[in-house]
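Engineer: Attaching a predicted model along with its sequence, questions to come.
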Amino acid sequence: MLNSRILTIEEAAAGIPDGSVVTVGGFGVFLQPMAMMREMIRQGKKDINLLSVGEAYAADLLVGGGCVRSVTLASFGFEAVTGRSRNFCKAVEQGKVEVEDYSHFSMASRFLAGAMGLPFTAVHSMRGSDLLDHLPEGKKYVKMDCPFSGEEVILLPAAKPDIAIIQAQRADMDGNLQVMGPTICIEEQARAAKRVIAIVEEIVPRSVIQANPTATLLPSFFVDTLVVLPYSAHPMASYGYYDYDLEHLYTYTNSSKTPESWKGYLDEYVYAPKDHYEYLEQVGGLRKIMQLRADPLLGY
Amino acid sequence: MTEYTLNELMAVNVARQLHDDEMGFIGVGTGGRAFTVAVGLPIVAARLAQLTHAPNFTIQIGTIISPDLENIPKVFTENHITTWPTMARVRADDNLDMFVKGKVDVGFVSGPQIDQYGNINITVIGDYKKPKVRLVGCLALPEHLAFARRAFVITDHNARTFVENVHFVTGVGWQANGKSREEYNLPGGGPVYVFTDLGVFDFNGEGHRMQALTLHPGVTPDMVQEKTGFPVIIPPNVPTSILPTEEEIELIRTKIDPENILLKY
């Protein structure tokens, strides 16, 4: 079986070309590859096209870092804190990123079709809503009657990103990837992509994977690149390992209120730290890590 | 007379409309008042229904189905929701099946703009291409309003929310862009109730327009009209909303939300 290549986060990010169509795993406040977003900003990535479901924090950071040209999404809401995803919303209001909206389940279906290797999917969603009015008919959707039942359906093209960036809990040396807690659409996003970069908290022995193979969301041949970096979802949560950092989420959302304060945030937390470990020092170091860490006995 | 808060009054009015053996779908909320109307109030109403007239009412919240409402988390952080004892955890595309196949009985929804036909906008304020304010997007709102057997809208009453025409139809009410639900072939029941801080409303007014079903104690038709951006139908002698019983308030305060987490804001 083909195994993954283990790279540093810098090396893995360097392999993401400008202009790529990228999908990022996670949802709400968990399993979003935040360290990779910071590294992509540091490397000055340009014109990334995001195919998203609801990974608001990762997308908002990448948009705020100036890396994004277009966003296709179901929803970007900042869970846990009050307020909108400001960098994203402002970029749309100022016409700096192109945007394409779908319902949540339409995006999930598009990824499912991509994962199954099918060219399109048929959905019942979005009839009557204004969503379809803003998509070019024939190019982004087609209405047709089912050839078998005659029932009207809407066809949407499969989502087929160039690269999926997946945050997970652990893998073995070969890259058999285990994800715990809610997985939302991660599996479909990864299987739909031409190439998968996974970032894990730790490498575990094969025997740990073998003890619970049902937790293996992606066998190693789906994972092209593996990055090992603890607390790399911070300030998001990684179930079983650590909770999300509410204090830092408030720092983030408050910083995104004005261009000046946002520049300050990027300088302090993205550009100044020379690597991820310095970033962890910057957000509170060991004290913070111990606060967020899941109880090793309880698992949360 | 039983004393109650406005949130408790709203929760009781929602709970009384939930039926036994139904499943309600609750989304994931942000914080503050938005959390209370989107998550807190529906959870309290669901548990209250379980403890009173609907023992087999159950909920899906985000991706978990039938969490143990006897043990509601004290903190709504990710790890606590994830470790909430529950019967199933599903993936996003499984949820799609459940909506389309009519497994969701009650969809709890909210939004910054609602019009007289119950269309809801959570996507943009202003023009879609050049929005004045960009909002969250869509979530599963199109599915809630298209497929849930009944959608319950919970929101606060003000003229910025209740507008004559929504700027963008994210979820379809009783009539959108001149066409009815039937013409769009939407199988679900659509928005059936709106619960606000002023009263309870339905869409059984002429031409499926919003009308007052009951008004909360002390609320006058003028107060409602003042905070509604379209002519709202208020029948003469509109009854007062259901008032909480002592038992219901006792349950909310001692069993369901003793630390006032769900109805705080």
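Structural biologist: Structure's in. What do you need? No experiment lies behind these values; they were computed from the predicted model shown.

Engineer: so the nearest residue to residue B:245 once chain neighbours are set aside, which of the three states?
Structural biologist: Take residue B:245 and drop its neighbours on the chain: the residue closest to it by C-beta to C-beta, 6 or more residues apart in numbering or on different chains is residue B:2, 6.5 Å away. All C-beta spots, glycine's among them, are computed from the backbone N, C-alpha and C. Of the three states, residue B:2 takes coil under DSSP: H, G, I helix; E, B strand; the rest coil.

Engineer: burial of residue 66, as a residue count?
Structural biologist: If you meant another chain, say so; for now it's chain A. 14 (other C-beta atoms under 10 Å in any protein chain shown).

Engineer: The chain in question should be chain B.
Structural biologist: 14.

Engineer: From chain A, how far off is it?
Structural biologist: 15 Å (C-beta to the nearest C-beta, to the nearest Å).

Engineer: Please name the residues that touch that residue.
Structural biologist: By C-beta atoms under 8 Å, 6 or more residues apart in numbering or on different chains, residue B:66 lies in contact with B:23, B:58-60, B:86-88.

Engineer: Can you tell me which of these comes closest to residue A:262?
Structural biologist: Ranked by distance to residue A:262 (C-beta to C-beta), the contacts of residue B:66 are led by residue B:60 at 36.4 Å.

Engineer: what's the nearest residue to that closest one if we skip its chain neighbours?
Structural biologist: residue B:25 (4.9 Å).

Engineer: Can you pull the phi/psi pair for residue B:58?
Structural biologist: Phi and psi for residue B:58, reported as degrees, to the nearest 10, are phi -140, psi 160.

Engineer: and if you look at residue A:143?
Structural biologist: The phi/psi pair for residue A:143 (degrees, to the nearest 10) is phi -90, psi 130.

Engineer: Just give the closest residue to it, not the sequence neighbours.
Structural biologist: Nearest to residue A:143 is residue A:154, by C-beta to C-beta, 6+ apart, at 5.7 Å.

Engineer: buried set for stretch A:9-18?
Structural biologist: Using 16 or more other C-beta atoms under 10 Å in any protein chain shown as the test for burial, stretch A:9-18 gives A:9, A:12-13, A:16.

Engineer: and that stretch, average pLDDT?
Structural biologist: For stretch A:9-18, mean pLDDT rounds to 98.

Engineer: tell me how far the ends of that stretch are from each other?
Structural biologist: 17 Å (C-alpha to C-alpha, to the nearest Å).

Engineer: Which residues outside that stretch are in contact with it?
Structural biologist: Here stretch A:9-18 has contacts from A:7, A:22, A:35-36, A:39-40, A:42-43, A:45-48, A:162-163, A:197, A:199, A:225, A:227, A:229, A:232, A:275-276, using C-beta under 8 Å, 6+ apart.

Engineer: try stretch B:85-92
Structural biologist: Residues contacting stretch B:85-92 (C-beta under 8 Å, 6+ apart): A:53, A:104-105, A:108, A:182-185, A:187-188, B:60, B:63-68, B:71, B:98.

Engineer: next one: that stretch to chain centre, how far?
Structural biologist: Centroid separation for stretch B:85-92 versus its chain: 22 Å, with C-alpha atoms, centre = their mean, to the nearest Å.
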